[in-house]
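Undergrad: Starting from these lines, generate the structure:
(chains A and B)
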Amino acid sequence: MIPPAQHAAPWVRNRVLGTLVLAALPAVGVLAFVRVAPNRLLTGEAITLLGLLSEARHALWLPAAVLMLGVFAPAARWAYASVLAASALLLAVLFYVAGNEAVLQSAAQASKLARVSLGGGFWLLVVLAVLAAADAVQRLGLAPVTRTIVFAALLLPVAALLAAGYLDALSLLKEYDNRSDAFDAALLRHLQIVLAALLPALVIGVPLGVAAARSPAIAGPLLATLNIIQTVPSIALFALLIAPLAALSLRGIGLLPAVIALTLYALLPIVHGTASGLAQVSGAALEAGRGMGMTTRQLFWRVRVPLAMPVLASGLRVTTVQLIGLTVVAALIGAGGFGALVFQGLASSAIDLVVLGVLPVVALAVAADAGFGLLEALLRKDATQ
Amino acid sequence: MIELREVGKSYGAVRAVDGVSLTIERAEFVVLIGASGSGKSTLLKMINRLVEHDQGMVLFQGAQIRTFKPEDLRRRMGYAIQSIGLFPHWTVAHNIATVPRLLGWPSERIAARVDDLLVLLDLEPALYRERYPHQLSGGQQQRVGVARALAADPEVLLMDEPFGALDPISRHALQNELVRIHTASRKTIVMVTHDVGEALRLATRIVLLDRGRIVQAGTPAQLLAHPADDFVREFFGGDELGLRLLALQPVAGRVQAGESAPGEPLPHTASLRDALAQFVSRRVSRLPVADATSGRVLGAIHFGDLLAPPPPP
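TA: Have a look, this model is predicted:
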């Protein structure tokens, strides 16, 4: 059956883009594009897109018009390419306008403590622009490698604006300026924790996964145990580790329990990925390999492992993204990382500080996901069945 | 070449193979046939030790197969299976090169061998060498499967329903290739099938199995002309058995030299079944027969000649 919406508006050719454009409307007149506050702890006065001082806001018209027309454009590659280009331009202009507005508003304020922060409307438009770009990329049917390059290119103008100092007047950047040492230390520590949990999880999890794939008698109890660990909330797991560590006269708070707990969490997706990766290898290929005189070892390394690799890589992808997020909580037991900024910000109700802690976590997770996705696509390329 | 002496294999209380004795000579094309569960596949896999026999003995080139390392034994026997089992992450060339690589052949020799085999199986090397299995049709995949089994020039070729999953046209084409390869290479081939037509077309000797035992073994003509019992008769088609027997014999053997008959002559290589079809469709009782290549008339065949005594047992 044809959905009724198509009867209602047959001239809407791209319904996803249409929905995104409609969703953007409140960001124009209702939601705050930026907020101007007398100091870093107050919420401040909302300024919508229409009320901006920055004349640069008129540059938004061009990409906005292209995106609106894109809703009615025929299903063709040029249309999707235009939408993609417009989304990229929109993203760059949004950041430029926000930075420019922050400069103008700061100059208009008497106090040096005044802060111009990014508002809900800004973030909504950013998210919608990224979604529009993602949809266009999807419709263009690009190869995985090209897709990753396109997404990286999408972020390039924003990174350039950031590097060139156009965004420095925003409260987020001022917050960073005040705490750049703490930020850099948090970044380093965050990556350290993720790697320190990931490596032992791999060293323990891959052999366990291999064992689970060989014997269902091992797989059942093993996966059940790991599933239970997975359901224990992270804070509870940290707390549970304090006593045994103390018994070993080790510190129950700090880096060690955090790494142990995160390793335990990482085991499930790695064991599962390894086991199911090995299990999905075609029985026919294995029989043929054995029948032609491959030894068990040759069969494992030449057939099982390469054919299991894509699934294992996707397990690693899930694990890494999950660890990057979970590491935030590790700050609660004094392990450091971006969580330290988040909880400090929450404690002092400094939202900018919270955002400063969360944004890089999101960026790291997205980057890790894209990186592993690329790896997986490359591995799958010659392992397709 | 291969000798089975009273071999058996039990799975729990079930005797999958039960006291089978069979000697397979060099250059024979032996087809093991039977219904599902007759033990034909198990018997085949006992030869390359994918299944270990628990009774009797299996000899290869005069030595018990247990004295070989299983891998060494298998590398000397080509192996092709119904599900083909090409390695999906390897190119066609890499797949075919599996056993030569295991044997440590130099790469130039492997490359040359791969191209020879692709030509032998009617796949243009330049076109197919670098393809991946998923880029091939089912028939092409099994051609690669057969090429892979032949790669290291094995003394024996073991095939487990190799053409079972193919469409009739690909199956027929590959059966013809296999007959050609067998005739040219004089390799010993042991094949499992449940397709009576395939067995009759390919085998120099058919071994009919039922419940793990040999019911009857012999040339296709022997099994059709002198079925040992009703089971054999039923298995080879009951009422159709006569037609199948006719299909196995060329008209050349029944020609009355010097006689003549009106109409388009039959080639001497045509089967008696073809002749029967012509008798009926032309509504005649005599047909001229000519040499298939030169076209020279050899004589005529009478309808009654179809009933001449069958080949000796």
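Undergrad: separation between A:Arg214 and chain B?
TA: Distance, A:Arg214 to chain B, using Cβ to the nearest Cβ, to the nearest Å: 19 Å. Any C-beta I mention is one placed from the backbone N, CA and C, and that applies to glycine too.
Undergrad: my bad, A:Phe122
TA: Counting by Cβ to the nearest Cβ, the gap from A:Phe122 to chain B is 47 Å.
Undergrad: For A:Ile351, grab phi and psi.
TA: phi -60, psi -40 (degrees, to the nearest 10).
Undergrad: go on, B:Val17?
TA: The phi/psi pair for B:Val17 (degrees, to the nearest 10) is phi -130, psi 130.
Undergrad: got it, and B:Ser83?
TA: Torsion angles, degrees, to the nearest 10, at B:Ser83: phi -80, psi 10.
Undergrad: which one is it nearest to, not counting chain neighbours?
TA: A:Ala284 (3.6 Å; Cβ to Cβ, 6 or more residues apart in numbering or on different chains).
Undergrad: What helices and strands are in contact with whichever strand or helix holds the one you found?
TA: Following DSSP states H and E, one finds A:Ala284 within helix A:283-291. If contacts are counted by 3 or more Cβ pairs under 8 Å, 6 or more residues apart in numbering or on different chains; DSSP states H and E, helix A:283-291 sits against strand B:77-81.
Undergrad: interface residues of chain A facing chain B?
TA: Within chain A, the positions lying close to chain B (Cβ under 8 Å from any Cβ of the partner chain) are A:282-295, A:298, A:302-303, A:306-307, A:382-385.
Undergrad: which residues does the residue of the stretch 1-150 of chain A found nearest chain B contact?
TA: Using Cβ to the nearest Cβ, the closest approach of the stretch 1-150 of chain A to chain B is made by A:Ala143 at 16.2 Å. Contact analysis of A:Ala143 by Cβ atoms under 8 Å, 6 or more residues apart in numbering or on different chains lists A:Ala377.
Undergrad: give me phi/psi at it?
TA: According to degrees, to the nearest 10, A:Ala143 has phi -70, psi 150.
Undergrad: With B:Gly299 instead?
TA: Taking degrees, to the nearest 10 as the convention, B:Gly299 sits at phi 150, psi -150.
Undergrad: hey, where'd the strands end up in chain B?
TA: Counting by DSSP state E, chain B has these strands, from start to end: B:2-11, B:14-24, B:29-33, B:55-60, B:63-64, B:77-81, B:156-160, B:188-193, B:205-210, B:213-218, B:256-257, B:266-267, B:286-290, B:297-302.
Undergrad: Tell me which of these is the most buried.
TA: strand B:77-81 (a mean of 26; mean count of other Cβ atoms under 10 Å in any protein chain shown).
Undergrad: burial of B:Ser260, as a residue count?
TA: 11 (other Cβ atoms under 10 Å in any protein chain shown).
Undergrad: and the gap between it and B:Ala277?
TA: Note on B:Ser260: its distance to B:Ala277, by Cβ to Cβ, to the nearest Å, is 21 Å.
Undergrad: Show the contacting residues for the spatially closest residue to A:Ile193 that is not a sequence neighbour.
TA: Spatial nearest neighbour of A:Ile193, chain neighbours left out: A:Thr327 (4.8 Å); criterion: Cβ to Cβ, 6+ apart. By Cβ under 8 Å, 6+ apart, the residues touching A:Thr327 are A:His190, A:Ile193, A:Val194, A:Ala197, A:Ala258, A:Leu262, A:Ala335, A:Gly337, A:Phe338, A:Gly339, A:Val361.
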